[in-house]
Structures are given as structure tokens and as C-alpha cells.
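Participant: Predicted model follows, preceded by the sequence.
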Amino acid sequence: MVDTIRRTILKTGAAATVMAATRGFAGQSGQSGAAMSFYENGPVRIRYEEVGSGFPLLIIAGGGLNSAIAGLATHPFDPMEEFRGEFRCIAADLRNSNRGQSSGPLEIDRPWDSHTDDHLGLMDHLGIDKFMVLGFCVGGPFIWNLLRRAPDRVVAAVLAQPSAWSAEHPTLFYDNNMQRWAPDLVARRPEITMDMVDRFLTTMYRTNADFVFTVTRDFVRELQTPILILPDDIPAHPYDVAMEAAMLAPQSEVSLFPWKQPPERIPLAVRQIRSFLRAHRPAAG
């Protein structure tokens, strides 16, 4: 997505304008008129947007390792638009997404945790302690990891069409990312090699190839955080794993299924999400 300042850069090439744009001041306009900024932590630089006001809601776009804010417009519904009237909606481009503007080291030994560092670091940067989270696709494993890493900060979570491991397609995520994410990343980041990406993805998707990748079934059994799961039924979003997680989690709810087809059902799913978020939103004050 090209904002007004970036268009100015392309037209003028002015060095001063480049500096202002790459720093991402909050006055810039991004997705749905949201304020666009950058959070920096050492070599990590995360582009994020905020819209609305109220209790904080972290939103994680789908798209695998190409997860980016712009992708929300292609999802079954755009949560930034749907919930901006009641919540402070915050979304970010995933570190090293080819479709976004976030960047950072490829942490081969801790792929999931490096992204969770970014999510929690962004909340810290914004002065947010407790928050809710809604994630699509790859947002599922990220949410489970947030619940593991920061159980006292995540008030409630919504997992829409969550990614998970499938015995029928055991190397799906490794294969897809080697084909669809890795080549573009290596092409634009010469310091990253395909061997590094191979090791990163092996740690991420093959070393702990089971269930939801980031937590165990025992963890989910003990989880007391309210969660709402909207299952899907494709190889990347296996229905049986979503339902197993819902059955294991003591404070879980499940949407109607299918909730995306026919399209007339999507507003019902959004209504359920809104009711869930309202029910678990802490009282003001």
C-alpha cells in the first residue's frame, strides 16, 4: 500500500522527504485511514497502524510469513473496520513479510518467539499492559504463543481459521514458505541465504510438528483465558485441530460452521466475535 508521503518520494526523490517517510510519523495515513507508525527495537523495525479507541485489540493478519496489514482487506471481514467503533485496533506487518514494511533478523533458533517478541514489544511501546487479540491463519499459532508467554496480559483471544499441523499434509507450511516466501526474501535481503531460511523454517514448522506448533495439548487443557475459535476446513487450517483445541480449552467458544459460506453467514460470525469481545472487555476504570 503506497501512502501519500511515499508517492511524494517516488515523484521527487527528495532526501528530506525520504527520511521523514522511513521514520513513519504517526500523522501518516494507512489502512482505512489508520495512523501509521514504526516501532524500533535495535535491529528490529515494525510497521504498525492504529485506528479507533477503547480497550486495545491486537489484530494479526493471515497470509503466513507474508502476513501484512494490507492483507486484512482480503480477509472474510476487515477487523480494523468492524471493531474500530468500540476498540483501539492495532495491527502490524509481520517481521520480514515480503508484503509489508517490517524487518529484522532471521532468528533461526527461535522463530515463533521472535515474532512474539515483536507483538509484545509493540504493546510495550504503546504503553499497553492488558489487551485482547484477534488473529487469522498464522495468527492462530501466534496467539497460542502469546497466551503462553504473557498469560496475564491477554484478556481474551479470537482465532479465525487458525493454522495448525495436519498429519495428512505434514510439511505443508515448510514447503509453501520455501516456495512462496523464501525466494523473494532472499532476493531483497542479500545477507539472508536459502540455507538460513531452510533452518529457520525447519525449526518453525518441522521440529515441533504437532498440534498448533507453539503450545502443547496440556497447556491448552490448563488455559483459563477465554477464547473463541472460528474453524476452517482446508489443509492449512485443519478443522479437526481447531475443534480439538476448542474441546480442550476450558474457557472456549466455537462459532457456527461453516461461517464463511454462504457469505451471508459472515455478519453472524462478526456479531458473535463482537459479543465475545464485549463480554470479556474489562470494565473501565
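Facilitator: On my side now, so go ahead.
Participant: now the helices for the chain?
Facilitator: Along the chain, counting by DSSP state H, helices occupy 4-12, 15-23, 79-83, 111-125, 139-149, 172-180, 182-188, 194-201, 217-222, 239-248, 266-280.
Participant: any chance of those in JSON lines, plus distance to Lys260, mean pLDDT and mean neighbour count?
Facilitator: C-beta: built from backbone N, CA, C; applies to glycine. Listed next are these as JSON lines, based on distance: least, CB to CB, whole Å; pLDDT from 0 to 100; neighbours: other CB atoms under 10 Å:
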{"stretch": "helix 4-12", "distance to Lys260": "33", "mean pLDDT": "35", "mean neighbour count": "13"}
{"stretch": "helix 15-23", "distance to Lys260": "37", "mean pLDDT": "32", "mean neighbour count": "13"}
{"stretch": "helix 79-83", "distance to Lys260": "14", "mean pLDDT": "97", "mean neighbour count": "21"}
{"stretch": "helix 111-125", "distance to Lys260": "25", "mean pLDDT": "98", "mean neighbour count": "20"}
{"stretch": "helix 139-149", "distance to Lys260": "16", "mean pLDDT": "98", "mean neighbour count": "24"}
{"stretch": "helix 172-180", "distance to Lys260": "20", "mean pLDDT": "97", "mean neighbour count": "16"}
{"stretch": "helix 182-188", "distance to Lys260": "28", "mean pLDDT": "98", "mean neighbour count": "15"}
{"stretch": "helix 194-201", "distance to Lys260": "28", "mean pLDDT": "98", "mean neighbour count": "17"}
{"stretch": "helix 217-222", "distance to Lys260": "24", "mean pLDDT": "98", "mean neighbour count": "14"}
{"stretch": "helix 239-248", "distance to Lys260": "12", "mean pLDDT": "98", "mean neighbour count": "18"}
{"stretch": "helix 266-280", "distance to Lys260": "6", "mean pLDDT": "98", "mean neighbour count": "16"}
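Participant: Tell me which of those lies nearest to Gly104.
Facilitator: With CB to CB, the closest approach to Gly104 among the helices of the chain belongs to helix 111-125: 7.3 Å.
Participant: Identify the residues contacting that closest one?
Facilitator: 39, 41, 44, 46, 48, 56, 58, 60, 90, 92, 94-95, 102, 104-105, 107, 129, 131, 141-142, 145-146, 149-150, 153, 200-201, 203-204, 213-214 (CB atoms under 8 Å, 6 or more residues apart in numbering).
Participant: Make a PyMOL selection of the buried ones in those.
Facilitator: Here is the PyMOL command that picks out the buried ones among these, judged by 16 or more other CB atoms under 10 Å:
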select buried, resi 39+44+46+48+56+58+60+90+92+94+95+102+104+107+131+141+142+145+146+149+150+153+200+201+203+204+213+214
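Participant: What is the end-to-end distance of stretch 193-212?
Facilitator: Chord length of stretch 193-212, first to last residue, is 27 Å (CA to CA, to the nearest Å).
Participant: Determine how far that stretch lies from the middle of the whole chain.
Facilitator: With CA atoms, centre = their mean, to the nearest Å as the basis, stretch 193-212 stands 18 Å off its chain's centre.
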